[in-house]
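Peer 1: Pasting the sequence and the predicted model now:
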Amino acid sequence: MKHLFSILLAGCISITIIHSGHAQTGGGILLPIRNAGADGAAIKATGHFWNTFGESQHEKWYPLPNGFLAEFTERSVQVKVVYDKKGNWVYTIRQYTEKELPDEIRAQVKQTYYDDTIGVVKEVIQPQYTVYLIHIENGVRWKTIRVRDGEMEVVQDFKRTGKAE
């Protein structure tokens, strides 16, 4: 385990750019410099990130009160990855449009809401399951639909008030 830690530490230090008293990866602040070489949680989080998404994502890292956040854009998909204070992956949020929505999820939504336009989609990936939050509208109302394990439900429903002029 110590050998693996040394390898990860060496890799982390070699690609970390020191600037203005902070360790930076891809231009985003990861940790104050005093913790850059000694924070096992940060090393574990970056190791998981690179194994999952690759090392060339130009991600930006931010400290959170209880962990770390990495964000980047992959093609037209915005991705946010959250790690806990021990460096364990907690969840990933991918935000995109109808074009990137998996066909089976799109078909399920369109089967019921065939006249509605699909806007922003937020895909929340957790260890146990994946949830899709899909914003739809038809000019009269907006809804947020949640799809999980083949089940679909409305979680928000807004109706337009007043008359268009």
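Peer 2: Received it, and whenever you're ready, just let me know what you need. Numbering: from 1, shown residues only.
Peer 1: Could you give the backbone dihedrals for G40?
Peer 2: Main-chain torsions, G40, degrees, to the nearest 10: phi -60, psi -30.
Peer 1: Count the neighbours of it for me.
Peer 2: When counting by other C-beta atoms under 10 Å, one arrives at 12 neighbours for G40. From N, CA and C alone the C-beta is placed, and that goes for glycine too.
Peer 1: Also Q128?
Peer 2: 5.
Peer 1: Now the phi/psi pair for it, please.
Peer 2: Per degrees, to the nearest 10, the backbone of Q128 is at phi -90, psi -30.
Peer 1: Skip the chain neighbours and tell me the closest residue to E74.
Peer 2: Q57 (6.9 Å; C-beta to C-beta, 6 or more residues apart in numbering).
Peer 1: Helix, strand or coil: sort out the one you found for me.
Peer 2: coil (DSSP: H, G, I helix; E, B strand; the rest coil).
Peer 1: Can you list phi and psi of it for me?
Peer 2: Dihedral angles for Q57 - degrees, to the nearest 10 - are phi -90, psi -10.
Peer 1: so how far is Q78 from it?
Peer 2: 12 Å (C-beta to C-beta, to the nearest Å).
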